Every structure is written in C-alpha cells, then in structure tokens.
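Peer 1: only geometry, no sequence info:
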C-alpha cells in the first residue's frame, strides 16, 4: 500500500480517524456519551463541595460569578489538555501493531486522540457555560469567540506535549506511569483552584511562565468579565505553546524511524 502523501487525503484520513475514535470511545453506548460529560461534572461537584463547603474557600478576585463558575471554567480547559496529553502519550505504543502493516503518516496517530479529546471537552465547556447561565451565573456567552482562540492555544500546547510524550514513551515506558503525577503537579501550579491575584508578586512572576495559567485566566476573563492577562503574557504563552509543538514534531519526526526497534 503506497503511503498517503496528498494533504487532502491526509486531512480526510485524520477526520475519519477522529470520528471513529469519538464513536468508539463515547458513542458506543448512551452511558459512554453521558459519562463524557457526567465524569467531569461529578469531579467539579466534588471539588466545589470540598473547597467551598468544607474548606470555606473564597476567591475575592472571582468577581460576581462566585467560586463554582470560577472553578468550572478552569477545570474544563484543563480536562481537555490533560486528556489530550494523556491519551496522546500512548498513541504510538498503543498502536504498535499497526506500524509496518498500514502505510499512514505516524503523526496522525498522535493527533487523533488530541483532537477527539478537545472536541468532546469543548462541547462539555459549552454545556457547562449554558448550565451556569441558566442557573443565574453571569456567564457572558458572547465571549465564546475569544474563548475559541484561547482553546486553540491550549490545543497547540497539548499537541506539542503529546508529540514529546509519545516519542519518549516509546523509548522509556516509565513516562506513561509517571504522567498522572506530573499532570497533577502541573494542575496544582495552574490557577484552577485559586486566582493568581491572591499570590505574592514574586510567585506570580514565576508561575506566569506556565502557558496554561495564561490561557485559563483568559478564558475566565472572556466569560466572567475578569481582567485579561497582560499582552506580554499572551505573547509568551503563544510563543511557548508554538515552540513546544514545533520541537515536539521535530523530535517525533527524527525518532520515528527507530520506533519499531523498541516496540
């Protein structure tokens, strides 16, 4: 079978594989589709109960929206990123049987779980925003135009991270075992449960190099009317996200010739 070389054919194959991945992962049963939304929703309720009810956490910088919308609009973008990075990490190892049997661009195997994860969790974010608006939270639905740009920034970062991790996981299988702990650490240094304004200036200056901090704060700003990150922070987050993607693709392309030797 000749390799797929046409860009249109590659896009068509990518689209078909994304549809199949979503169908097999979520749409095989009704419970599978519902769990794509109920799982993160239950996690949100647990966090809200622990932090708001038990620990009495208040976020003064959350504005009139309150803690639950503030938390929800931080968690859902993180779910998309973490799910895409996690599933992308096993994209090559999990499809080892296909390598050498089917002639297709191998980078597609990484992009499929990334795009399918973002498709599902982006729909979840929309559903959450509509639910918050119905229950009286001041969510500005007109801000979705801006949010799409910020989600694209997270997508670029997630894809680059997935290319890096998928490559490393072929040669060092400990990567997939360590990933949950690494993602947990990354989540805790991202302002999901807190607002950056509540931290000391020195700590904020250090954490501001985390691109996820900028993208999540920008999403909250667009939907909750909070203050946008500074233009310099946007520029740095964009450059870092693109560098992660470019370097991830470069390393993946250079290493892919040796994948079969380690699988």
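Peer 2: Done, it's in. Here the structure is a predicted model, which means the values were calculated and not measured.

Peer 1: residues in contact with residue 185?
Peer 2: Not one residue lies near residue 185 by C-beta atoms under 8 Å, 6 or more residues apart in numbering. Yep, even glycine has a C-beta here, placed from its N, CA and C like the rest.

Peer 1: now swap in residue 237 and tell me
Peer 2: Taking C-beta under 8 Å, 6+ apart, one finds 153, 211, 213, 214, 215, 229 in contact with residue 237.

Peer 1: next one: phi and psi at it?
Peer 2: Torsion angles at residue 237 (phi, psi; degrees, to the nearest 10) stand at phi -60, psi -40.

Peer 1: tell me how far residue 38 lies from residue 157.
Peer 2: Applying C-beta to C-beta, to the nearest Å, the value for residue 38 to residue 157 is 27 Å.

Peer 1: looking at those two, which is more packed in?
Peer 2: Comparing residue 38 with residue 157 by other C-beta atoms under 10 Å, the one with more neighbours is residue 157, at 25 against 12.

Peer 1: nearest spatial neighbour of the more buried one, chain-adjacent residues omitted?
Peer 2: Nearest residue to residue 157, sequence neighbours excluded (C-beta to C-beta, 6 or more residues apart in numbering): residue 241, at 4.1 Å.

Peer 1: where along the stretch 101-250 of the chain do the helices fall?
Peer 2: Secondary structure of the stretch 101-250 of the chain (DSSP state H, counting those that start in this stretch): helices at 107-134, 144-171, 174-188, 201-207, 211-224, 231-255.

Peer 1: among these, which is nearest residue 82?
Peer 2: In terms of C-beta to C-beta, the element of the helices of the stretch 101-250 of the chain nearest to residue 82 is helix 174-188, at 5.0 Å.

Peer 1: tilt between that closest one and helix 144-171?
Peer 2: 150 degrees (axes from the mean of the first three to the mean of the last three C-alpha atoms, to 10 degrees).

Peer 1: quick one: mean pLDDT over helix 174-188.
Peer 2: Averaging pLDDT along helix 174-188 yields 93.

Peer 1: dump the helices of the stretch 101-250 of the chain to TSV, plus distance to residue 97.
Peer 2: Below are the helices of the stretch 101-250 of the chain laid out as TSV (distance: least, C-beta to C-beta, whole Å):
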stretch	distance to residue 97
helix 107-134	12
helix 144-171	14
helix 174-188	17
helix 201-207	42
helix 211-224	34
helix 231-255	19
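
Peer 1: these: which one's closest to residue 88?
Peer 2: helix 144-171 (2.6 Å).

Peer 1: now the closest one, how far from the chain's geometric center?
Peer 2: 6 Å (C-alpha atoms, centre = their mean, to the nearest Å).

Peer 1: so what does that helix touch, helix or strand wise?
Peer 2: Helix 144-171 sits against helix 67-89, helix 107-134, helix 174-188, helix 211-224, helix 231-255, helix 259-262, with contacts defined as 3 or more C-beta pairs under 8 Å, 6 or more residues apart in numbering; DSSP states H and E.

Peer 1: pLDDT of the shortest one, averaged?
Peer 2: By that I understand helix 259-262. The pLDDT scores in helix 259-262 average 85.

Peer 1: so what does it touch, helix or strand wise?
Peer 2: Using 3+ C-beta pairs under 8 Å, 6+ apart, the elements in contact with helix 259-262 are helix 144-171.

Peer 1: confidence score at the closest residue in space to residue 214 that isn't next to it in sequence?
Peer 2: Distances taken as C-beta to C-beta, 6+ apart place residue 237 nearest to residue 214, at 3.8 Å, with adjacent residues excluded. Note for residue 237: predicted pLDDT of 96.
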